[in-house]
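Colleague: build me a model from this:
(chains A and B)
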Amino acid sequence: MRKLALIVRHEFRMATANKAFVILTVLGPFLILAVTVLPTFLANNPAAMSAGRPVAISSAVPGAAETLAESFKAMGVAVAFTDDPQAAKAAVLDGSSAGYVVVEAGWPDAGRALFYSKTGVDATMYASTQAILGAFARELRIGAAGIDPALVRGILADAPFEVLKIGPEGNEESKTQDDFMEALFVSLSFVMVLYMTVLLYGQMIGASVVREKTSKTVEVMLSSVTSRELMFGKIFGLGLAGLLQYGVWISVALALVKLVGPAFDIAVPASISPENLGWLLVFFLLAFFLYSSAYAALGAASEDEHHLGQLAWPLLMFLIVPLVMVTSFIMSPDSALATALSIFPMTAPLVMLIRVLVSDPPAWQLAISVAAVSASVIGMALLASKIFRTGILMTGKRARLGEILRWVSVK
Amino acid sequence: MLKVEQVVKTYETVRAVDGLSFEARPGEIFGLIGPNGAGKSTTIRMIMNIIAPDSGSIRFDGERLSESDKARIGYLPEERGLYKKAKVGESLEYLAALKGMRLQDARASIDAWLRRFGIADWRERKVSELSKGMGQKVQFIGAVAHKPSIVLFDEPFSGLDPVAQDELLAAMVELKAAGVTVLFSTHVMDHAEKICERILLVDRGREVLYGPLAEVKARHGRNAVQLEFDGDAAFVKDLPFVETVVAYPRWVEVELREGSEPDQLFRAVAGRLRVRRFEAVTPSLHKIFVRLVGRSPEETAGAGAGEALRA
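Modeller: Coordinates of the predicted model:
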């Protein structure tokens, strides 16, 4: 145990005392910040985009300027009427005006409506203008056809429709499309974090074992410790580094939810809850041990990192498949496929995490999933330590996966 | 004392080690000698308990080898085996700690060795910055800092300049004087000849020769002459009393047929070559190996073991 502890400490130090680790640990929270808080700050509505600058309006169609002004004001955008196209364009160009709208005589049937933009990409701004003018044009045409615009408005008005999510205690919660987008977004970020870290740490273990072989450190190490101590020392050392990293990220996320959010009155997505963060950590640890054991074995069996890349392909597939199907899992988290893959050990961490985030899988399924992965972790570790023992001393031969599996039976 | 008895190790179809037996004693430098692929590394790995022999036994002071014996062994691998990104001092402390040494003791021992090799300034430098020679010294310290009772040196001189070789050699002799069992493995016969007191010469996992070097040479010593000269010595190999010749442009080692005298050769070359040196010698280990095995030790011992397992 003392030797194992020494290896763990050494590997932990090697993993954490490098720039990449520090950068990733520090940048992680910014990523979390980006997906949680930033969207509310982003200028994706006209008011934020105009930032107090007026939109200049010049209209030859009666009522158009007034309708625009009224609607813009309702959105929180200032307007200014103008008769001087040159000055208005200059104002757009120098940025003092958020845009310049011209409605030509004869519009909407003969004349044009124009939006002068400085960048051409302020879509939110001109899309709003287009919508306002579009509605106004319909009213003009309806009026011209001799129909009462108020009647048409009444007929075309949206019919009420609500989505209610029934909570476990029978409470009802109103849901909108935005909530779906939010769930999609948060789930995607969680799954991406899990996928990236598991892959990253798995490959780090694999590469570290290959380096141990190619740098010939392995014989020196094995002259002091057993191959089992060496392998588990590496896995636990890196696992500890991963735990530290997740600790930092989760603390930042919790601080956002509990402190920063309420203090600055920022709506933090509800799915970033302590409970869900807890599940993220649980599934990270399970997936980490499962994949890092496998990677350690493959690393030991590899000649070099290139060879490792080839051998690790099947392993990678188990991580990629759930990722490709993530949207469908989010939309139907309790489908037969999702349920099956959330119990199959290799895909369970990713798929079950999605289900936990967007749905409410039965406790027994969660229990089976966690138990299945835990059992596989033990099985994989035993298998890996056998492959590791034979593979780590093997050089000069590019073994195939089949041969590698046969090493398990080497006495 | 290290006692290896009838050890056998088979990899799939290849017998890497086929019934080797030998003893290495405290205070002696024992040579484990043979071409690449002869089974040296496999034997060393079995002594270090990295792999288990299929049959046979390895004993330290009469006790069967166990995992706890690893603390008593020091190992210097042929190729550098240190974590490149780590600092020299850190790496050495780590290795000593794995051998069960307390940190203070390890530091004192490591510092003493670093000073002895004149590389104390390199303590805080990264391993990757070391030159080959310095790397080998650091690796050497890694093998001996924990004060082992047995040290295994695998090709310790490969790629080193003569000065570095002498430094390492002096350190090895010091260890021997301190009562350490020094096991020295090499395929370079010249090195073994200069350093080892007793040897085991192996080929394809089997013993070729075993015993004190002087005795081995005496046993296989026939009439041999080393000759340094100016001129063309091509005719020497055609002389009737000459058995074999190892020839270089200005130097030959000539083995005479049984019953012949060095004097006959002297008379044959006198006048035909300008003789610089003429010395009757026991044949070199290299020569003995060639005669017994039928090929030069620089050639590997055949495919199988060597390729698959660097045996």
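
Colleague: and chain B, which residues reach chain A?
Modeller: B:45, B:48, B:50-51, B:67, B:70-71, B:73-75, B:77-86, B:94-95, B:97-100, B:139, B:142, B:152, B:307-310 (Cβ under 8 Å from any Cβ of the partner chain). For the C-beta atoms, the positions are set from N, CA and C on the backbone; glycine is no exception.

Colleague: in this structure residue A:29 contacts residue A:249, no?
Modeller: Yes. Under the criterion of Cβ atoms under 8 Å, residue A:29 makes contact with residue A:249 at 6.2 Å.

Colleague: so which of those two has more stuff around it?
Modeller: residue A:249 (21 against 17; other Cβ atoms under 10 Å in any protein chain shown).

Colleague: check the secondary structure at that one for me.
Modeller: helix (DSSP: H, G, I helix; E, B strand; the rest coil).

Colleague: before we move on, which element is the residue nearest to it when sequence neighbours are not counted in?
Modeller: Of all residues not flanking residue A:249 in the chain, residue A:28 sits nearest, at 4.6 Å (Cβ to Cβ, 6 or more residues apart in numbering or on different chains). Counting by DSSP states H and E, the element that carries residue A:28 is helix A:19-36.

Colleague: quick check: mean pLDDT across that helix?
Modeller: The predicted model gives helix A:19-36 an average pLDDT of 78.

Colleague: same check, this time on stretch A:355-371
Modeller: 91.

Colleague: let me see the domain layout of chain A.
Modeller: Following automatic domain parsing, chain A resolves into domains at A:2-40+A:175-409, A:46-156.

Colleague: would you agree residue A:200 falls within a helix?
Modeller: Yes. Counting by three-state DSSP, residue A:200 is located in a helix.

Colleague: and the pLDDT at the residue of the stretch 51-200 of chain A with the smallest separation from chain B?
Modeller: Nearest to chain B, among the residues of the stretch 51-200 of chain A, is residue A:200, at 17.9 Å (Cβ to the nearest Cβ). pLDDT, residue A:200: 89.

Colleague: wait, residue B:284 sits on residue B:253?
Modeller: Yes. Applying Cβ under 8 Å, one finds residue B:284 in contact with residue B:253, separated by 6.9 Å.

Colleague: which residues of chain B fall in helices?
Modeller: For chain B, applying DSSP state H gives helices covering B:40-47, B:88-98, B:103-116, B:132-144, B:162-177, B:189-195, B:213-220, B:262-269, B:285-293, B:303-309.

Colleague: dump those to JSON lines, plus mean neighbour count and mean pLDDT.
Modeller: Converted to JSON lines, the helices of chain B look like this (neighbours: other Cβ atoms under 10 Å in any protein chain shown; pLDDT from 0 to 100):
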{"stretch": "helix B:40-47", "mean neighbour count": "26", "mean pLDDT": "89"}
{"stretch": "helix B:88-98", "mean neighbour count": "23", "mean pLDDT": "92"}
{"stretch": "helix B:103-116", "mean neighbour count": "16", "mean pLDDT": "93"}
{"stretch": "helix B:132-144", "mean neighbour count": "23", "mean pLDDT": "89"}
{"stretch": "helix B:162-177", "mean neighbour count": "15", "mean pLDDT": "89"}
{"stretch": "helix B:189-195", "mean neighbour count": "19", "mean pLDDT": "82"}
{"stretch": "helix B:213-220", "mean neighbour count": "16", "mean pLDDT": "81"}
{"stretch": "helix B:262-269", "mean neighbour count": "16", "mean pLDDT": "88"}
{"stretch": "helix B:285-293", "mean neighbour count": "19", "mean pLDDT": "80"}
{"stretch": "helix B:303-309", "mean neighbour count": "19", "mean pLDDT": "37"}
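
Colleague: can those go into JSON lines with extra columns for distance to residue A:274?
Modeller: Shown next, in JSON lines, are those (distance: least, Cβ to Cβ, whole Å):
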{"stretch": "helix B:40-47", "distance to residue A:274": "51"}
{"stretch": "helix B:88-98", "distance to residue A:274": "39"}
{"stretch": "helix B:103-116", "distance to residue A:274": "41"}
{"stretch": "helix B:132-144", "distance to residue A:274": "47"}
{"stretch": "helix B:162-177", "distance to residue A:274": "60"}
{"stretch": "helix B:189-195", "distance to residue A:274": "66"}
{"stretch": "helix B:213-220", "distance to residue A:274": "74"}
{"stretch": "helix B:262-269", "distance to residue A:274": "93"}
{"stretch": "helix B:285-293", "distance to residue A:274": "73"}
{"stretch": "helix B:303-309", "distance to residue A:274": "53"}
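
Colleague: sec struct for the most centrally placed residue in chain A, please.
Modeller: In chain A, the residue lying closest to the centroid (Cα atoms, centre = their mean) is residue A:189, at 2.0 Å. Residue A:189 falls in the helix class when you classify it by three-state DSSP.

Colleague: tell me what the helix holding residue A:28 is packed against?
Modeller: helix A:177-214, helix A:227-255 (3 or more Cβ pairs under 8 Å, 6 or more residues apart in numbering or on different chains; DSSP states H and E).

Colleague: show me the contacts for the residue lying closest to residue B:43 once chain neighbours are set aside.
Modeller: Counting by Cβ to Cβ, 6+ apart, residue B:43 lies nearest to residue B:17, which is 5.6 Å off, once chain neighbours are set aside. By Cβ atoms under 8 Å, 6 or more residues apart in numbering or on different chains, the contact list for residue B:17 reads B:7-9, B:39, B:42-43, B:46, B:53, B:205, B:311.

Colleague: likewise residue B:110?
Modeller: Counting by Cβ under 8 Å, 6+ apart, residue B:110 has contacts B:89, B:92-93, B:96, B:141, B:145.

Colleague: next one: it from residue B:73, what distance?
Modeller: 18 Å (Cβ to Cβ, to the nearest Å).

Colleague: just to revisit the earlier point, I'd like the helices and strands packed on helix A:19-36 as TSV, with distance to residue B:220 appended.
Modeller: Putting these into TSV (distance: least, Cβ to Cβ, whole Å) gives the following:
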stretch	distance to residue B:220
helix A:177-214	40
helix A:227-255	41
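
Colleague: what's the least confident stretch among these?
Modeller: Taking the mean pLDDT of those, helix A:177-214 comes last: a mean of 85.

Colleague: tell me how many other residues surround residue 246.
Modeller: Just going to use chain A. 21.

Colleague: to clarify, I was referring to chain B.
Modeller: Neighbours of residue B:246 (other Cβ under 10 Å): 17.

Colleague: separation between it and chain A?
Modeller: 31 Å (Cβ to the nearest Cβ, to the nearest Å).

Colleague: identify the residues contacting that residue.
Modeller: By Cβ under 8 Å, 6+ apart, the contact set of residue B:246 is B:252-253, B:286-287.
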